Each structure stands twice: as C-alpha cells, then as structure tokens.
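Visitor: Sequence and predicted structure below; questions after.
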Amino acid sequence: MFEVMCFGDSNTWGYDPAAGERYPREVRWTGVLQAALGQGYRVIEEGLNGRTTVWEDPVEGDKMGRRHLMPCLESQAPLDLVVLMLGTNDLKKRCSAPAGDIAAGVGVLLDIIGTSAAGRAGKAPPVLLLAPPPLAKLGAYAGMLEGGSEKSLQLGKLYAELAHARGCAFLDAGTIIRSSDLDGVHFERAGHRTLGEAVAREVTKILAGGKGGTPWRPGTT
C-alpha cells in the first residue's frame with residue numbers, strides 16, 4: 001500500500017466558493033486523486049483553511065505550515081510521497097511577503113520533509129510540489145489580498161525553479177485549472193476534478209507506475 005499525504009490549505013481541505021462549506025469527499029481533488037489511483041494507495045488529507053508556509057497569522061491564529069508539518073509527517077509515517085501545495089494564504093496583505101519570500105517559505109517546508117525520517121526505512125519521502133493557480137477576480141477577499149494578484153502570477157515560475165534546485169517533482173496547477181471568479185481564491189468542482197486527475201498521473205509516475213516498484217527519489221530516473 002502506497003501512503004500519500006497531501007499537505008495544503010483550504011483548497012486541499014475542499015472549500016466550496018459557492019456555498020462556503022466543504023465539498024463532499026468525492027468532489028475534493030484529494031478524493032478524485034484517491035478514486036483515480038484506486039486500490040493500493042491511501043490518500044491522506046492534511047488541508048487546513050488559512051494555512052501559510054512560514055508566516056504567523058495575527059488574525060486567524062495558528063496557521064503556520066512550518067509548525068504543523070513535522071507532527072503531520074511523524075503521525076502519518078511511513079509515507080511514500082508528500083504532495084505539497086501552499087502559498088495562497090501567504091499572499092495576504094498582513095503577511096507582507098514578496099513572491100520570492102513565499103517561494104523561500106516553501107523551500108523551508110521542503111527542507112523539513114527532506115531531513116525527516118517519515119518515509120520508508122526511516123528515509124525522507126519524495127515530494128510532489130504543486131504551485132497554486134494565480135488569484136482570479138477578487139470579491140470579499142479583495143482587501144485581505146490587496147496586492148496579491150500580481151504576486152500570485154509569479155509563483156509558478158518561482159516554484160518550478162525551486163523544485164528543480166531541490167530535485168523534487170513539480171506540477172504548476174495554474175497551467176491546468178484556474179481559481180474561481182466567485183471569490184478569486186478557491187476551486188470550483190471542475191477544477192478539483194481536473195487537478196485530482198492530473199496529480200494522479202504524476203503520482204503514478206513517481207511511485208513506479210503504481211505497480212509496487214521502487215519509489216522515485218531525487219536524482220533517479
């Protein structure tokens with residue numbers, strides 16, 4: 001059984017921009033991922049509304065991914081793969097983070113995973129890094145995310161460079177889905193389906209085609 005942990009924010013939790021509630025499990029991209037992968041895989045959802053990479057949120061409280069990540073890795077070990085998608089909440093004006101610093105925050109999380117013993121045989125698990133799609137038309141979040149739209153357009157390129165430098169797999173979600181114009185931040189049902197199916201294709205590539213072979217590691221083919 002391959003164990004795959006998806007660590008992210010409200011888009012991994014499954015926030016519905018139309019209803020303001022959580023999508024059913026089968027609608028969420030993590031649920032689509034589980035269905036596409038099928039037996040032999042267990043997808044672990046670790047999504048939290050408002051989660052940042054390394055920034056404290058003075059309004060919403062304990063949302064820092066850096067603080068949450070290691071406990072999640074340890075509680076879910078042994079893991080065959082970590083799928084990481086964060087950065088959207090770092091765009092909030094109160095974080096005052098340039099796009100380059102947001103990518104650097106992701107780098108801190110990659111370091112935590114890479115130095116952990118949360119994989120098989122006490123080794124670090126491989127990572128599939130996802131760049132979140134750029135913000136769309138902002139409504140109620142316009143004030144909170146003032147200046148964030150321009151920064152969000154830079155994340156795909158910065159994350160790609162980071163993944164290349166760290167030797168991890170990468171998928172730019174912004175090339176296949178877009179954030180909803182209902183709130184500018186979250187994904188609609190079709191986006192969840194498209195993303196889940198795309199991630200499933202990447203996961204099977206990384207984990208030896210899902211056939212029980214040796215998992216991909218940085219520096220291997």
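Guide: Received the coordinates, thanks. In this text, all values refer to a predicted model and were calculated from it rather than measured experimentally.
Visitor: For beta bridges, what are the partners of the residue nearest to the spatial centre of the chain?
Guide: Central residue of the chain (CA atoms, centre = their mean): M85, 1.5 Å from the mean position. For M85, the beta-bridge partners are G8 (DSSP bridges).
Visitor: Does it touch S10 like I think?
Guide: No - using CB atoms under 8 Å, M85 makes no contact with S10, being 10.8 Å away. All C-beta spots, glycine's among them, are computed from the backbone N, C-alpha and C.
Visitor: Show me the contact partners of the longest helix belonging to the chain.
Guide: With secondary structure taken from DSSP state H, the chain has its longest helix at helix 189-206. Here helix 189-206 makes contact (CB atoms under 8 Å, 6 or more residues apart in numbering) with 4, 14, 23, 27-33, 35-37, 41, 81, 83, 126, 128, 130, 169, 171, 173, 176-180, 187, 210, 215-216.
Visitor: Buried ones among those?
Guide: Neighbour-count burial within the contacts of helix 189-206 applies to 4, 14, 23, 27-33, 36-37, 41, 81, 83, 126, 128, 130, 169, 171, 173, 177-180, 187, 210, 215-216; the criterion is 16 or more other CB atoms under 10 Å.
Visitor: Return the subset of these lying in helices.
Guide: Among these, the members found in helices (DSSP H) are 29-33, 36-37.
Visitor: Save those residues as TSV, and put in distance to S96 and pLDDT too.
Guide: Formatted as TSV, these follow (distance: CB to CB, whole Å; pLDDT from 0 to 100):
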residue	distance to S96	pLDDT
W29	29	98
T30	30	98
G31	35	98
V32	35	98
L33	33	98
A36	38	97
L37	39	97
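Visitor: could I get those as JSON lines with distance to V199?
Guide: Shown next, in JSON lines, are these (distance: CB to CB, whole Å):
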{"residue": "W29", "distance to V199": "7"}
{"residue": "T30", "distance to V199": "9"}
{"residue": "G31", "distance to V199": "12"}
{"residue": "V32", "distance to V199": "8"}
{"residue": "L33", "distance to V199": "5"}
{"residue": "A36", "distance to V199": "8"}
{"residue": "L37", "distance to V199": "9"}
